[in-house]
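>>> Fold the following for me, if possible:
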Amino acid sequence: MRVRDRVVSVLALLGLLGGALYGGSVWGGGRAGSSDGSPPAPDDGQEKAQQALYTEEKETIHFWYGEESLTDYVNSAAVAFGQQEDIRVLPQLVTESEYLEAVNRASLEGELVPDVYLLGSDDLEKAYLAGLAIPLEDQESWQEERFPRAALDAVTCDSHGENHRLAYPLCFDTTALVYNETYLEEWARQQAMRELSGEDQEEEGSDENASFDEARLEERTRAYLENAVPETVDDILQIADTFDLPEGVEGIMSWDVSDIFYNYWFVGNYISLGGETGDQRDLVDLYNPQAVECLEVYQALHQFFYIESDTVTYDSVVEDFIQGHTVFTVGSTDVVERLRQAGEDGLLNFDYGIAPLPRVGEALESRPLSVTEGVAVNGYSRHREAAARFAAFLTGEYGGELYGRSGWLPADTGALAGEKELQVFGQVYASSASLPKMMETGSCWLQLEVLFSRVWNGAEADALLQELDGQVRSQLSSP
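Purely as a prediction, here's the structure:
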């Protein structure tokens, strides 16, 4: 599952706020599990492996995960860990809805408790309150060196003034600017030619159509190209105003304006839902002058890009970019593999690059949203120590295998060394904003997405943002 599904699961929290009381525990909806909330039945291979529990004297832990793309990585890690630690790990893919509910039911009723499991960081508060995630005190010695602050904040919950790290960060998704480098080279050459033509025309007796030295042209082109990747939204508009678009290019930029994940960077530096760790109820601020100004910049872009919010999708804008119809787009981490695959299939006939998203204005910073998946140790497990060791192994020592075996980027961003485009995503992730963990704010993402859509289509940003701020504060203050 990629990030859109992850955010949709957050929106689904609205129907599950407050969870449900089950055997004295509180649980809420998540990403996977059985349709009726009961633990899914294992397949034949898993059942045979589980039967071995009763015939061999070896400590065994059960690992649940809900991402099919992680299967090769998880199975390989389980074998490597078993050989190293002499502990059997039985992975189980759980792909239905209401994942955390299934973890809860299996923990209270099942004979085979998931000792350790993959969980989105936004579900950690519910898991902790239900006793399904325990503080991992042993992480202090190595986490600060291996993981960026965003990863650590994502797996941290504040409880009675104390911060607890409740999971080992495994992987992440976030957004960055994707650009057509070949088109930017053409734009730079056009600017150099105009500049040199203007200089020649100023010289006495020069012909307006006179040619100029190719070496001078290449030098000026390189100078323009060095500064071609936009640092602000205005830089993108300046390129739009000065670029004679090649044949087949339909516009300068397109992105999925219907999805909050790809829009959040406009306001992310100026709004807060629970502070950096996303669970501090006294740190909520959606309505302020900078956030309103950023939304007004966003709204003004409609007249330049003419993107229809009710028809655009992430897949459509990525496909347009691959076909060379646009110069810029906003992509999530999966875009790197999609572009590589398109190149291998002969569908990509240009060079491309990845860069941090531009500032909204000269004095207005941008900040994208990120999603972090962590590995939590179940409080109901009878093998907590072994489970924690496997979680640490999976996310740390074995993390270098993650991208190659799954396509997911490791939260241990040091494992991205040597991968230029992926390293950019790692840099962006380090300063990104994590999904909040407060159950009461589950509906805020749907409301914020609707707000962006209305602003894009002309509604007043100030009034809408003030209204949303009031609604969220009311939700948090309700008994």
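>>> Give the pairing partners of the strand ranked longest in the chain; include direction for each.
Longest strand of the chain, by residue count under DSSP state E: strand 369-377. Using DSSP bridges, the neighbouring strands of strand 369-377 in the sheet come out as strand 116-120 (antiparallel), strand 168-173 (antiparallel), strand 433-434 (parallel).
>>> okay, these in CSV with distance to residue 192 next?
The way it works is simple: take the backbone N, C-alpha and C, and place the C-beta from them, glycine included. Formatted as CSV, the entries for the strands paired with strand 369-377 read as follows, by distance: least, Cβ to Cβ, whole Å:
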stretch, distance to residue 192
strand 116-120, 48
strand 168-173, 38
strand 433-434, 39
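>>> Once you drop chain neighbours, what's closest to residue 58?
residue 88 (5.2 Å; Cβ to Cβ, 6 or more residues apart in numbering).
>>> Now for the one you found, how many residues are close by?
Here the count is done by other Cβ atoms under 10 Å, and residue 88 has 18 residues near it.
>>> which residues in the stretch 151-300 of the chain form helices?
Listed from the start of the chain, the stretch 151-300 of the chain has helices (DSSP state H, counting those that start in this stretch) covering 181-202, 214-226, 233-242, 260-263, 289-300.
>>> what's the closest of the ones you listed to residue 154?
The stretch from these with the least distance to residue 154 (Cβ to Cβ) is helix 260-263; that distance is 15.1 Å.
>>> Quick one: residues in contact with the closest one.
Defining contact as Cβ atoms under 8 Å, 6 or more residues apart in numbering, one finds that helix 260-263 is touched by 3-4, 7, 175, 255-257, 298, 314, 330, 332, 369, 445, 448-449, 452.
>>> Quick check: bridge partners of residue 284?
Following DSSP bridges, residue 284 is listed with bridge partners residue 273.
>>> whoops, I mixed them up, residue 119
Here residue 119 sits in beta bridges with residue 374, as judged by DSSP bridges.
>>> quick one, what contacts it?
For residue 119, the contact set (Cβ under 8 Å, 6+ apart) comprises 30, 99, 100, 127, 133, 167, 373, 374, 375, 376.
>>> Quick one, which of these are buried?
Among those, those that count as buried by neighbour count (16 or more other Cβ atoms under 10 Å) are 30, 99, 100, 127, 133, 167, 373, 374, 375, 376.
>>> Next one: the last one from residue 117, what distance?
In this structure, residue 376 and residue 117 are separated by 6 Å, where distance is defined by Cβ to Cβ, to the nearest Å.
>>> nearest to residue 350, of the strands paired with strand 369-377?
Across those, residue 350 has its closest neighbour in strand 168-173 (24.9 Å, Cβ to Cβ).
>>> in the chain, which ranges drop under the pLDDT threshold?
Counting by pLDDT under 70, the chain contains low-confidence residues at 1-56, 138-144, 159-161, 199-212, 479.
>>> Domain ranges for it, per the record?
3-174+370-438, 175-256+313-367 (automatic domain parsing).
>>> Pick the most buried one from these.
Highest mean neighbour count of these: domain 3-174+370-438, a mean of 20 (counted as mean count of other Cβ atoms under 10 Å).
>>> Pull the distance from that domain to the chain's centre.
Taking Cα atoms, centre = their mean, to the nearest Å, the mean C-alpha location of domain 3-174+370-438 is offset from the chain mean by 16 Å.
>>> Stretch 457-474 too?
So, by Cα atoms, centre = their mean, the centroid of stretch 457-474 is 25 Å from its chain's centroid.
>>> hmm, who's touching that stretch?
Residues outside stretch 457-474 that contact it (Cβ under 8 Å, 6+ apart): 273, 284-287, 291-292, 295-296, 298-299, 302, 309, 441, 444, 447-448, 451, 454-455.
>>> I'd like the contacts of residue 119 written out as TSV, with distance to residue 348 added.
Converted to TSV, the contacts of residue 119 look like this (distance: Cβ to Cβ, whole Å):
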residue	distance to residue 348
30	37
99	36
100	40
127	41
133	42
167	37
373	29
374	34
375	35
376	39
